[in-house]
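Enquirer: Sharing a model that was predicted from the sequence below.
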Amino acid sequence: MRASEVPSTPLPPSSHGSHAGTSPVAGASPAAGSGPGALKGTGVEVSAVRSFLLARGNSSLADRGFKWLMVLCALSIFGIVVLIVWQLVLRSQLSWHAFGFKFFYQTFTDPESHRSMYWDPVNSQFSAIPFIFGTLVSSFLALLIAVPLAVGVAIFLTEMCPRALRGPLAFLTELLAAIPSVIYGLWAVFVLVPLLRDYMNPLLVKWLGWTTLFNDDNPTGLGFLAAGIILAVMILPIISSLTREVMSAVPHSQREAALALGATRWEMIRISVLRNARIGIVGGIILGLGRALGETMAVTMVIGNTPEIHRSLLANGSSMASVIANEFTEAVGNMHLSALIEIGLALFVVTIIVNAIAQVLVWAVTRGAPAQTR
Amino acid sequence: MSTVRSPFRSQVRALTDHAVTGLAVLATLLVVTPLVAIFGYLIYKGAVSLNWAFFTQIPKPVGEAGGGMANAILGSGILLGVASLIGVPIGIGAGIFLAEFGRGTKLANAVRFTADVLNGVPSIVMGLAIYALIVVPQGHFSALSGGVALGVMMIPTVCRTTEEMLLMVPHAVREAALGLGVPNWRSVLSITVKTASPGIITGCMLAFARVAGETAPLLFTALGNDFWSASLNQPIAALPLQIYVYALSPYDDWHRLAWAGALVLILLIVLAVSLVRFVTSRGVLKGAS
């Protein structure tokens, strides 16, 4: 290619001499720099435009660097999981070596009173049973209360609500999710617990005492019931907003088909909407369960913090998160600390599994669309 | 199934329909009532104890009237500053990867799934991990470890919202920039991210509001402090932490302070959430069209 040809003719798309580094034209080897557009080191002459563009350089280095920086940021998410697992496993080695798997189901007997004991920091005897029990009882009680209410609210907001009310009510329900856990705990300690203690618990003992689930030997109002109620209030917005999302995703044709066949409104909801949104609703419920399992502050403030197992819902208890929150900064010795961290590890593993199952279910319904942030 | 065949059956169906409507309305009322109750009680108790001293004084010893939570407000500000420095850049970077470079790849799907799962991890576990990572080697509690714990919690939330916002930028904008010869990295930063920036900022605010109310990770990283402290190497007070300690104390004065603190915290969070809703409902891509 000659410099004189360039302005009028399009550059031929051959590789012949166009790229730096290709073999020079046979026979020609002028010195570097000779001629208006000679490529350095080769004998090929290039156009002024092309040599200008090539001299500018491309941004491949910057592009590559930027891309890898972004990849690093994304890998940090895996890094966080690895970090948590690594640190928790590392620090719980002491109690793991001492107790092994029995940590999760062993019972000790107090030599003097012959009662079962589970958590004895003084004698370095640790068992996680009361905390697992407490977590499970409070979480399932919360689910029992929250699920009917949340599904009811979602049905009302999606199908029955007048359009004008829909926005404010939805905003209010989502505002429930934004309130920090301490504030729920604060309200529960000063409003809910006195209410339970003075009014509700005596009634429950009187009416439902025959079920042996409502013995109130220590009437403080604190206990599994208070924890269950405040947890229910906290997980309600999660279940409700996810249910609303999957219910709105059901196509209108389904609803209209049911109505056209003569169904009443409730039958239409039951047949077309709820049946189609079933999987998503279950996913939302499991997500709420995951949140309830890990909830710390509100539960710590109302559950009573006694490492014992009682049948009554009105009894004091303790949950996995609450025992860590309470005893960690005042732990008696390394074994105590290690036992608490092992409980933290167990909590982490359980919540990861529950949340993963919930995410898979929700993803299956929303088909991989970005999930809502709470 | 037809009204001709069984009038009783159709009556039952109509009755069930009305009953369910009633139940749904009842459920909504039962949900809205605690919310209104909590807010109302909070405003009532908090407003009564909110005064100028609350924002300017540190807590007085027990038995003396007055005092405030000024050190907790400052401490929360410092902790959230450190948290944002860690959480926002890494979170936005991860979001840019998910939306721009990794769309459709297996790695991106795995990152997205892990971020969603991490959003549900109990915050106390995060506090434990940061305790083991920073507090134990250093030998003392510090504001730095508290800030790191909060920042690490922000990363998955910021990542997901950034990704959602970037996915909304139309391809035409990106292609126009690339077609003009803008390098890819420059196009992503100056064009795509800038177009989606209102949404990204509101996503960061959402994560900020969520992390502002977290107490559990601070229990054994920042620990809390009854005095003025702005140092990163010392325990520091934080608003939710102070509320927790005061709520469980047996002193009425401290209960009063706890209510006032709760009101301040909730007002800040409601402000952030309302702002987020306002911006996202008005549409974030006015610059792109």
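Expert: Ah, there it is. Keep in mind that what you see is a predicted model, and the values were worked out from it rather than measured.
Enquirer: all helices for the stretch 1-150 of chain B, in order.
Expert: For the stretch 1-150 of chain B, the helices defined by DSSP state H, counting those that start in this stretch cover B:7-49, B:52-56, B:70-96, B:106-119, B:123-130, B:136-138, B:143-167.
Enquirer: relative to helix B:143-167, how tilted is whichever helix or strand comes after the last one?
Expert: Using DSSP states H and E, the helix or strand that directly follows helix B:143-167 along the chain is helix B:171-179. Here the directions of helix B:171-179 and helix B:143-167 differ by 100 degrees (axes from the mean of the first three to the mean of the last three Cα atoms, to 10 degrees).
Enquirer: Helix B:171-179 vs chain A: in contact?
Expert: No. Looking at helix B:171-179 against chain A by Cβ under 8 Å from any Cβ of the partner chain, there are no contacts, and the closest approach is 11.0 Å. In this view, the C-beta of every residue, glycine as well, is placed from N, C-alpha and C.
Enquirer: What's the first helix or strand after that helix?
Expert: Later in the chain than helix B:171-179, the nearest helix or strand by DSSP H and E is helix B:184-186.
Enquirer: among the helices of the stretch 1-150 of chain B, which is nearest A:Asn316?
Expert: helix B:123-130 (20.2 Å; Cβ to Cβ).
Enquirer: Output the contacting helices and strands for that closest one.
Expert: With contacts defined as 3 or more Cβ pairs under 8 Å, 6 or more residues apart in numbering or on different chains; DSSP states H and E, helix B:123-130 has these neighbours: helix A:60-91, helix A:275-294, helix A:320-327, helix A:333-366, helix B:143-167, helix B:216-219.
Enquirer: among those helices, which is the most enclosed?
Expert: Mean neighbour count (mean count of other Cβ atoms under 10 Å in any protein chain shown) peaks for helix B:216-219 among the helices and strands packed on helix B:123-130, with a mean of 30.
Enquirer: which residues sit in contact with B:Leu206?
Expert: B:Leu206 makes contact with A:373, B:157, B:161, B:272-273, B:276 under the criterion Cβ atoms under 8 Å, 6 or more residues apart in numbering or on different chains.
Enquirer: Which of these sits closest to A:Val193?
Expert: Nearest to A:Val193, judged by Cβ to Cβ, of those is B:Val273 at 27.6 Å.
Enquirer: From what I see, the closest one and A:Ala177 are in contact.
Expert: No. Using Cβ atoms under 8 Å, B:Val273 is not in contact with A:Ala177, being 9.0 Å away.
Enquirer: If you count surrounding residues, which of these two has more?
Expert: Ranked by neighbour count (other Cβ atoms under 10 Å in any protein chain shown), B:Val273 and A:Ala177 place B:Val273 first, with 21 against 18.
Enquirer: coming back round to it: least confident of the helices of the stretch 1-150 of chain B, on average?
Expert: The minimum mean pLDDT among these belongs to helix B:52-56 (a mean of 79).
Enquirer: Show me what counts as buried in that one.
Expert: Going by neighbour count (16 or more other Cβ atoms under 10 Å in any protein chain shown), the buried part of helix B:52-56 is B:53-54.
Enquirer: Can you name the residue of the stretch 1-150 of chain A nearest to chain B?
Expert: Proximity of the stretch 1-150 of chain A to chain B (Cβ to the nearest Cβ) peaks at A:Cys73, 2.9 Å away.
Enquirer: could you list every residue that touches the residue lying closest to that residue once chain neighbours are set aside?
Expert: Spatial nearest neighbour of A:Cys73, chain neighbours left out: B:Gly93 (2.9 Å); criterion: Cβ to Cβ, 6 or more residues apart in numbering or on different chains. Contacts here follow Cβ under 8 Å, 6+ apart; on that basis B:Gly93 touches A:69-70, A:72-74.
Enquirer: And for A:Asn305?
Expert: A:316, A:318, A:322-323, A:326.
Enquirer: repeat that for 10 Å
Expert: A:Asn305 makes contact with A:134, A:222, A:299, A:316-319, A:322-323, A:325-327 under the criterion Cβ atoms under 10 Å, 6 or more residues apart in numbering or on different chains.
Enquirer: domain assignment for chain B?
Expert: B:7-49, B:71-282 (automatic domain parsing).
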